[in-house]
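Visitor: Sequence plus predicted model, see below.
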Number of protein chains: 2
Amino acid sequence: MSEAEPSAAAPLVGLAAAILAATLDEPRVLTVPVAGQPAGRGEGLPAGPLEPAHPTLERGLRAWVERQTGQTLGYVEQLYTFGDRNRRKGGKGDEDRHALSVAYLALVREARPAADATWQSWYRYFPYEDRRAGRPPCLDALMARLDGWAGAATDPEESRRRSDRIGLTFGAAGSGWNEERVLERYELLFEAGLVPEAGAADDVAGHAMAFDHRRMLATALGRLRGKIKYRPVVFELMPPTFTLGQLQRVVEALSGVLLHKQNFRRLVAQQGLVEETEAVTAETGGRPARLMRFRREVLLERPAPGLRLPSGRAG
Amino acid sequence: MSEAEPSAAAPLVGLAAAILAATLDEPRVLTVPVAGQPAGRGEGLPAGPLEPAHPTLERGLRAWVERQTGQTLGYVEQLYTFGDRNRRKGGKGDEDRHALSVAYLALVREARPAADATWQSWYRYFPYEDRRAGRPPCLDALMARLDGWAGAATDPEESRRRSDRIGLTFGAAGSGWNEERVLERYELLFEAGLVPEAGAADDVAGHAMAFDHRRMLATALGRLRGKIKYRPVVFELMPPTFTLGQLQRVVEALSGVLLHKQNFRRLVAQQGLVEETEAVTAETGGRPARLMRFRREVLLERPAPGLRLPSGRAG
DNA sequence: CGAAATATGCTCAGAGTGAGCATTTACCCG
DNA sequence: CGGGTAAATGCTCACTCTGAGCATATTTCG
């Protein structure tokens, strides 16, 4: 069974990385220019084909990223392998070859640009995902168009299904906003034809990217937003020492929601995720804050050390 | 950048499926015979190469599974793409080709054998994962060998790291057993050389499989064990109607731990995951139980409808 | 010095969890 | 036919976790 002879038209395998970082108030992604794309889609993730010289997929990815951006990767995690119909090559002799792309999530500490790579805010590509200032205004236009899409279904059954799905992913009625459903929201917008990648003429649903890179980025955001709750991955994005206020700001930037300050520090403290250092800093504006550092030992103590975010709200 | 010319030695891409089901007390996986493997490794997962005729990866997978086992798949979810060094082809002209394998998790309801495929218990491959009857006896031998491996490190630092890792994945001291860490445990055993796939001479750590299929299965079990907690996927494995007792038995079989009966039914009930039917059944031994059915509407109501298992213990 | 901005401490009510006791309703057996 | 056994169900209770607020402590800015 299985291991048959290699087919004549072997698939193309690409590697791509969503490299994420966070300055105090803005979550970032590292992008590179991509030539030969439609207007408005000239930005993409660092990517390149898997080559025989690459010892492993991950090592191949690191090589491509270093070559294209100069960035050395620390934490790396495989996200998903995209390979569906709309990734098949259209042109010259490639008609029958699959084009897969193995996407990775990488977290890095510092945000120094390199080569012609640039750091961009996530929310450039997903403006509706940022709810730190309350319900973002762009959501109104978006919801209106989504409702239009739902109503436009010929079958009333289908119309109801679409409405249900909109409510579910964007958080209507009973269920509230779930910040992890980044991919589901993007795919809904895609299906509704509201993103440039799917033919939309404007950017209400955010700026586009080359190929299906925005889908990969959505996958990465969703994964990260989920993962900070049960793994101490935020600290991959923090400097060696930081204040609890800074940590909270970063978590809020990543998750896109505001948190209750006192409860946040209670949570972090009682879970043993951080420990105090001697130093304090007065750079934060008001009363000086104590500098903290991540307690690596927590990895040996607790089964799921993370920051379970509550449903959110300011303080 | 990125989309360079296809390299001369394009990678081989395979598709593989961990197809899981559950009879009342035993969780199952569908296996097929694999020729040309070392002794004791003649069982594998349904798998086959991605072909140009396959419209998508998932459709290709479904096609291979139906051809090899006759089983039609319902719920399917991509797990991971394996492609590291030890998956590279060794032989005849393939030296420089990568061999990737995209692994999927599939859940099916009924367990009817087909062709030469056979259903096997998970715990045939991971005997130490079944803690329903308490700490499995085979763990003693395993832990002894693991301790030996930890002590055998030349560097004392490395030795301590290995001990920490053993404690962490197999649940020593403070942190208890975490049933989701199936993959981490398998990989630890692999690195310690205790599985036949890594050269071990016996089966203390469970029966081997072809290629790296046992690693895929471990990934699948871990994912499923985690997912039942926040998605109602168990019901993919249940018949249309069932008693709460049966549901609990299945969840226990999947997770490998026993649950407190009264709390389990309280949980299921108050989360609105199921609803009563008119019927009762007397087949369970004692007082007849009411037959329940899955409430699909819950998908529209709750953000994360699942069965958060507690730390477990009998009732 | 007063206002503004943060950092920190502490309280409290309500929901959620882990365990166990008690009852009900079948079947099986002598 | 009565007792024993096996589940299924109902209910309680102590304890922890969580969401929200009130109050105080330090600094910088004007």
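Guide: Arrived safely.

Visitor: what about the stretch 151-300 of chain A, any weak spots by pLDDT?
Guide: For the stretch 151-300 of chain A, the stretches flagged by pLDDT under 70 are A:173-175, A:284.

Visitor: Which stretches in it count as strands?
Guide: With strands called from DSSP state E, counting those that start in this stretch, the stretch 151-300 of chain A shows them at A:241-242, A:274-281, A:289-294.

Visitor: what's around the residue of the stretch 101-250 of chain A found nearest DNA strand C, how many residues?
Guide: Using CB to the nearest atom of the strand, the closest approach of the stretch 101-250 of chain A to DNA strand C is made by A:Gly245 at 2.5 Å. Backbone N, C-alpha and C define where each C-beta goes, glycine included. Residues near A:Gly245, counting by other CB atoms under 10 Å in any protein chain shown, number 17.

Visitor: Next: the one 10 residues further on.
Guide: By the criterion of other CB under 10 Å, A:Ser255 has 26 neighbours.

Visitor: ditto for the one 3 residues further on
Guide: By the criterion of other CB under 10 Å, A:Leu258 has 19 neighbours.

Visitor: Please report how far it lies from chain B.
Guide: A:Leu258 sits 18 Å away from chain B, taking CB to the nearest CB, to the nearest Å as the criterion.

Visitor: Kindly report the same for A:Val34.
Guide: For A:Val34, the distance to chain B equals 6 Å [CB to the nearest CB].

Visitor: likewise A:Leu244?
Guide: 25 Å.

Visitor: sorry, back to before: could you save the strands of the stretch 151-300 of chain A as a markdown table and add columns showing mean neighbour count and distance to A:Gln78?
Guide: Listed next are those as a markdown table, based on neighbours: other CB atoms under 10 Å in any protein chain shown; distance: least, CB to CB, whole Å:
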| stretch | mean neighbour count | distance to A:Gln78 |
| --- | --- | --- |
| strand A:241-242 | 20 | 28 |
| strand A:274-281 | 13 | 28 |
| strand A:289-294 | 18 | 24 |
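
Visitor: a markdown table for these, including distance to chain B?
Guide: Shown next, in a markdown table, are the strands of the stretch 151-300 of chain A (distance: least, CB to the nearest CB, whole Å):
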| stretch | distance to chain B |
| --- | --- |
| strand A:241-242 | 25 |
| strand A:274-281 | 17 |
| strand A:289-294 | 17 |
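
Visitor: Distance to DNA strand C added to those strands, as a markdown table?
Guide: Listed next are these as a markdown table, based on distance: least, CB to the nearest atom of the strand, whole Å:
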| stretch | distance to DNA strand C |
| --- | --- |
| strand A:241-242 | 10 |
| strand A:274-281 | 6 |
| strand A:289-294 | 3 |
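
Visitor: Which one of those lies nearest to A:Leu194?
Guide: Minimum separation from A:Leu194 across the strands of the stretch 151-300 of chain A (CB to CB) falls at strand A:241-242, 38.0 Å.

Visitor: What helices and strands are in contact with the closest one?
Guide: strand A:289-294 (3 or more CB pairs under 8 Å, 6 or more residues apart in numbering or on different chains; DSSP states H and E).

Visitor: Direction included, what does the strand it packs on pair up with?
Guide: The strands beside strand A:289-294 in its sheet (DSSP bridges) come out as strand A:241-242 (antiparallel), strand A:274-281 (antiparallel).

Visitor: how about the strands of the stretch 151-300 of chain A in a markdown table, adding distance to B:Glu252?
Guide: Formatted as a markdown table, those follow (distance: least, CB to CB, whole Å):
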| stretch | distance to B:Glu252 |
| --- | --- |
| strand A:241-242 | 43 |
| strand A:274-281 | 37 |
| strand A:289-294 | 37 |
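
Visitor: between the ones you listed, which one is nearest to B:Ser121?
Guide: Nearest to B:Ser121, of the strands of the stretch 151-300 of chain A and by CB to CB, is strand A:289-294 at 41.4 Å.

Visitor: which residues are contacting that closest one?
Guide: When contacts are defined by CB atoms under 8 Å, 6 or more residues apart in numbering or on different chains, strand A:289-294 is touched by residues A:232, A:235, A:238, A:240-245, A:247, A:273-277, A:279-281.

Visitor: Tell me if it is near DNA strand D.
Guide: No: using CB under 7 Å from any atom of the strand, strand A:289-294 stays clear of DNA strand D, coming no nearer than 9.8 Å.

Visitor: From the chain's centroid, how far away is that strand?
Guide: Here strand A:289-294 is found 27 Å from its chain centre; the criterion is CA atoms, centre = their mean, to the nearest Å.

Visitor: With stretch A:197-215 instead?
Guide: With CA atoms, centre = their mean, you get 15 Å for stretch A:197-215.

Visitor: Straight-line length of that stretch, end to end?
Guide: Stretch A:197-215 has an end-to-end distance of 10 Å (criterion: CA to CA, to the nearest Å).

Visitor: Not counting its own residues, what contacts that stretch?
Guide: By CB under 8 Å, 6+ apart, stretch A:197-215 touches A:16, A:31, A:34, A:37, A:40-45, A:47, A:82, A:86-87, A:101, A:123-128, A:138, A:141-142, A:145, A:183, A:186-187, A:189-196, A:217.

Visitor: how about 7 Å then?
Guide: A:16, A:34, A:37, A:40-45, A:82, A:87, A:124-127, A:138, A:141-142, A:186, A:189-190, A:193-196, A:217 (CB atoms under 7 Å, 6 or more residues apart in numbering or on different chains).

Visitor: now do stretch A:65-76
Guide: Residues outside stretch A:65-76 that contact it (CB under 7 Å, 6+ apart): A:17, A:19, A:30, A:32, A:46, A:58, A:62, A:104, A:106-108, A:114-115, A:117, A:233, A:236, B:1.

Visitor: how about a cut-off of 10 Å?
Guide: A:15-17, A:19-21, A:30-33, A:45-48, A:58-59, A:61-62, A:104-119, A:233, A:235-237, B:1-2 (CB atoms under 10 Å, 6 or more residues apart in numbering or on different chains).

Visitor: which of the residues in it are buried?
Guide: For stretch A:65-76, burial by neighbour count (16 or more other CB atoms under 10 Å in any protein chain shown) applies to A:65, A:68-69, A:71, A:73, A:76.

Visitor: that older thread, quick one, which of the contacts of stretch A:197-215 are buried?
Guide: Those of the contacts of stretch A:197-215 that meet the buried threshold are A:16, A:34, A:37, A:41-45, A:82, A:87, A:124-127, A:142, A:186, A:189-190, A:194-196, A:217, by 16+ other CB under 10 Å.

Visitor: Among those residues, which lie within helices?
Guide: The helices in this structure, assigned by DSSP state H, contain A:124-125, A:142, A:186, A:189-190, A:217 from the buried ones among the contacts of stretch A:197-215.

Visitor: All the strands of the stretch 1-150 of chain A, residue numbers only.
Guide: Assigned by DSSP E, counting those that start in this stretch, the stretch 1-150 of chain A shows strands spanning A:12-23, A:26-33, A:43-44, A:47-49, A:75-82, A:99-107, A:118-121.

Visitor: Do me a favour and average the pLDDT over the last one.
Guide: Taken as a whole, strand A:118-121 carries a mean pLDDT of 95.

Visitor: ditto for the longest one
Guide: Mean pLDDT, computed over strand A:12-23, is 95.

Visitor: Not counting sequence-adjacent ones, nearest residue to the residue in chain A positioned nearest to chain B?
Guide: For chain A and chain B, the shortest gap (CB to the nearest CB) falls at A:Ala10, measuring 3.5 Å. Once flanking residues are discounted, A:Ala10 sits nearest to B:Ala10: 3.5 Å by CB to CB, 6 or more residues apart in numbering or on different chains.
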